[in-house]
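**Q** one predicted model, sequence on top.
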Amino acid sequence: QKEVEQNSGPLSVPEGAIASLNCTYSDRGSQSFFWYRQYSGKSPELIMSIYSNGDKEDGRFTAQLNKASQYVSLLIRDSQPSDSATYLCAVNTGFQKLVFGTGTRLLVSP
Amino acid sequence: SAVISQKPSRDICQRGTSLTIQCQVDSQVTMMFWYRQQPGQSLTLIATANQGSEATYESGFVIDKFPISRPNLTFSTLTVSNMSPEDSSIYLCSALELSKDEQYFGPGTRLTVT
């Protein structure tokens, strides 16, 4: 069974700090990886996608992928209280089917 | 990104009845999917909605319980049949844009079965 693992948190960081969110996956053949943000009562919102080993930066967000170690991470710089949400890691396991982790709840305190 | 709408946004239904959820995308998309998010849980893929043919169901989900239609490239429906309280969940559709590998989600339908 293809699995995606995340620490459920909550991860608490002060405003302005860097939040680091991690995800591991079991299917070594996976090729594309995604981070979604989900506010309470809302649907998931895509914030980052990554396909190659290394870093991908978009504004305050950096996604990191290491296929050899089968982990994906998301760094949020200059964290804001508005970043408080659950962050879902998703892995494309083939035919565009996404397997989601259970999510990490991030709390950014003012 | 494509804008996705769902109807209804929420509903309360009685045990044994059925509910059909509609998903509309504002542009042509290659693939559409249906997910379920049970209370406090993450998302689980129910099926891939195939245009003009039968949906492809994931393990644990069957057509008799979750019939799906996709008559064209921008519209799909999911029916939750013969509902029980265990079907109480948020049902989400997603779409994959042409030439992109990114899925976007609709706002979801919150279903409560009493």
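**A** Sure thing, it's come through.
**Q** any idea of the mean pLDDT for stretch A:77-90?
**A** Across stretch A:77-90, the average pLDDT comes to 98.
**Q** ditto for stretch B:37-53
**A** So the average pLDDT for stretch B:37-53 ends up being 92.
**Q** what is the regular element (helix or strand) spanning residue B:92 packed up against?
**A** Per DSSP states H and E: residue B:92 is located in strand B:89-97. Applying 3 or more C-beta pairs under 8 Å, 6 or more residues apart in numbering or on different chains; DSSP states H and E, we find strand B:89-97 packed against strand B:4-7, strand B:19-25, strand B:29-37, strand B:43-49, strand B:75-80, strand B:103-105, strand B:109-113. Using the backbone N, CA and C atoms, a C-beta is placed for each residue, glycine as well.
**Q** just name the most buried of these.
**A** strand B:103-105 (a mean of 24; mean count of other C-beta atoms under 10 Å in any protein chain shown).
**Q** so it, near chain A or not?
**A** Yes. With C-beta under 8 Å from any C-beta of the partner chain as the criterion, chain A is reached by strand B:103-105 at B:103-105.
**Q** adjacent strands (with direction) for that strand?
**A** strand B:89-97 (antiparallel) (DSSP bridges).
**Q** what residues sit buried inside the strand it pairs with?
**A** B:89-97 (16 or more other C-beta atoms under 10 Å in any protein chain shown).
**Q** turn those into CSV, including pLDDT.
**A** As requested, the buried residues of strand B:89-97 are exported to CSV (pLDDT from 0 to 100):
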residue, pLDDT
B:89, 97
B:90, 97
B:91, 98
B:92, 98
B:93, 98
B:94, 97
B:95, 95
B:96, 91
B:97, 79
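**Q** show me the two of these that sit farthest apart.
**A** Across the buried residues of strand B:89-97, no pair lies farther apart than B:89 and B:97, at 25.9 Å, counting by C-beta to C-beta.
**Q** can you report how many residues neighbour residue A:68?
**A** For residue A:68, the neighbour count with other C-beta atoms under 10 Å in any protein chain shown is 7.
**Q** try residue B:53
**A** Neighbours of residue B:53 using other C-beta under 10 Å come to 8.
**Q** mind listing what the spatially most central residue of chain B touches?
**A** Of all residues in chain B, the one closest to the mean position by C-alpha atoms, centre = their mean is residue B:34, 3.4 Å from it. Residues near residue B:34 by C-beta atoms under 8 Å, 6 or more residues apart in numbering or on different chains: B:23, B:45-47, B:49, B:66, B:68, B:76, B:78, B:91-94.
**Q** please redo it, this time with the cut-off set to 10 Å
**A** Counting by C-beta atoms under 10 Å, 6 or more residues apart in numbering or on different chains, residue B:34 makes contact with B:21, B:23, B:45-49, B:55, B:57-58, B:61, B:66, B:68, B:70, B:76-78, B:91-94, B:106.
**Q** if I look at the residue located most distally from the centre of chain B, what pLDDT would I see?
**A** Of all residues in chain B, residue B:99 has its C-alpha farthest from the mean position, at 22.1 Å, by C-alpha atoms, centre = their mean. Note on residue B:99: pLDDT of 75.
**Q** so which strand or helix has it?
**A** Applying DSSP H and E, one finds residue B:99 in no helix or strand.
**Q** one more: residue A:13?
**A** strand A:11-14.
**Q** please apply the same query to residue A:29.
**A** Counting by DSSP H and E, there is no helix or strand that carries residue A:29.
**Q** many thanks, we can stop here.
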